[in-house]
Structures are given as C-alpha cells and as structure tokens.
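In: I would like to see how this sequence folds:
(one chain, ligands or ions: 2)
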Amino acid sequence: MIYKIIVTGPFSSGKTTFIKTISDIPVVSTERKITTEDRGIKAETTVAMDYGRVTLDEHVLHLNGTPGQTRFSFMWDILAREMHAFLVLVDSTDSPSFPEANELIQTFSNIHNVPYLVVANKADLPGAASQFDVRRGTQAADYVTIMPCNSTSKSSVRQVLLQIISLIEG
Ligand SMILES: Nc1nc2c(ncn2[C@@H]2O[C@H](COP(=O)(O)OP(=O)(O)O)[C@@H](O)[C@H]2O)c(=O)[nH]1
Ligand SMILES: [Mg+2]
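Out: Ligands and ions are numbered 1, 2, ... in the order given. Presented below is the predicted three-dimensional model:
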C-alpha cells in the first residue's frame, strides 16, 4: 500500500531530521518566499516544506513535512488532502512548545479524521520531558500513543513509522 503521512510539529522539533534520516531518496526541500501583510507591514518570509519517501516492508510511505508557523496554515489544507495519518513531533526538551503541538493536533484532526501519534522527539537529550509531561503539555488524549524518538537514529524513526502503519491498518 501507498500511504501519505504528514510530519508536523513546532519549529525545530526535528521534522526535517526525521524525514532525512529515513528517506530512501534525497529529501526535497521546497523553499517558497511568501509575502504577508501584518498590521500594514509587508514582509517576505521563506517557508520550507520537506518531502521524502521510504519503503518499509511492502509499504511505500510519502512523508510530507509542514512548515511550522501557524500563519502558514493555509498550506496545511492542501498538504493534508488525502493524508492517511499524521505525526506531531515535539522537542521533548522544549516544554513551552508543547501547547503549539496541541494546536497542530486540533488543526489536522479537523481537516481529516485520521490516525496520529505524538512523537516525543529528542528523547536522547538530557532534560527530555517524560511521556507523562509530554501528554500533559500537549493535552493528548489518553488513547493517543506518545512515542519517544531520536530522529537522528534510523531504527528509532523506523519504529515510529511501523507504529503509524499499524494504526492506519488497524
Ligand atoms: N539530539 C537530537 N537532536 C535532534 C533530534 N531531532 C532533531 N535534532 C536536531 O534539532 C535541530 C532542529 O531539527 P530540524 O530537523 O531542523 O527541525 P524542524 O524545524 O522541525 O525541521 C537540528 O539541529 C537537528 O539536528 C533528535 O531526535 N535528537
Ligand atoms: Mg525543517
């Protein structure tokens, strides 16, 4: 089966690393300059979206990383079309970012009611929050699996992807 998986999460949670570590193809990062107008001030910002692909067992996974900032959420609707699942990465050492992960959970669940996991990334670093604290900070419901991950490790990323496949197929 071919599955499209959205990889989202706050800035610097490890989305690009996660995709690069596992992708069978060189990760395509599309950079786009976007002009926005905030309070009458025009500004140009670069948003980056990552695309990677990996074959795991008999499955082909298309991994689409989202630009982190909430104000680019208009792109999420497009990205999330036809997604089979999504992953919400958090930097486990950055608890102030956890509420933003909760917003992403709400946003993507609302676009499409598909399975998702909270990935407690950077679990290898000292000071990483416990699963309990990640659940509390992201307000993930009890039925949502929280998986610790080190996105620099292929086997760790692989475990997360096998878990999301089992949820999709469950
Ligand atoms: N130790 C550790 N560092 C990580 C991990 N994931 C990402 N990083 C580092 O965190 C920084 C931000 O990662 P990046 O993938 O650019 O985050 P993004 O903004 O979500 O795409 C980079 O310096 C990565 O090398 C992890 O699981 N463990
Ligand atoms: Mg990135």
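In: What distance do you get for the residue of the chain positioned farthest from its centre to Phe18?
Out: Centroid-distance maximum for the chain: Gly40 at 31.7 Å, with CA atoms, centre = their mean. Taking CB to CB, to the nearest Å as the measure, Gly40 falls 37 Å from Phe18. In this view, the C-beta of every residue, glycine as well, is placed from N, C-alpha and C.
In: what does Asp142 give?
Out: From Asp142 across to Phe18, the span is 25 Å (CB to CB).
In: The two: who's more crowded?
Out: Per other CB atoms under 10 Å, whichever of Asp142 and Phe18 has more neighbours is Phe18, with 28 against 5.
In: Figure out the helix or strand that the more buried one lives in.
Out: Secondary structure assigned from DSSP states H and E places Phe18 in helix 15-22.
In: Just the mean pLDDT for that helix, thanks.
Out: Across helix 15-22, pLDDT averages out at 96.
In: now for that helix, which elements pack on it?
Out: Helix 15-22 sits against strand 2-8, strand 41-56, strand 59-65, strand 85-91, helix 154-169, with contacts defined as 3 or more CB pairs under 8 Å, 6 or more residues apart in numbering; DSSP states H and E.
In: how many degrees apart are that helix and strand 2-8 in direction?
Out: If you take axes from the mean of the first three to the mean of the last three CA atoms, to 10 degrees, helix 15-22 sits at 140 degrees to strand 2-8.
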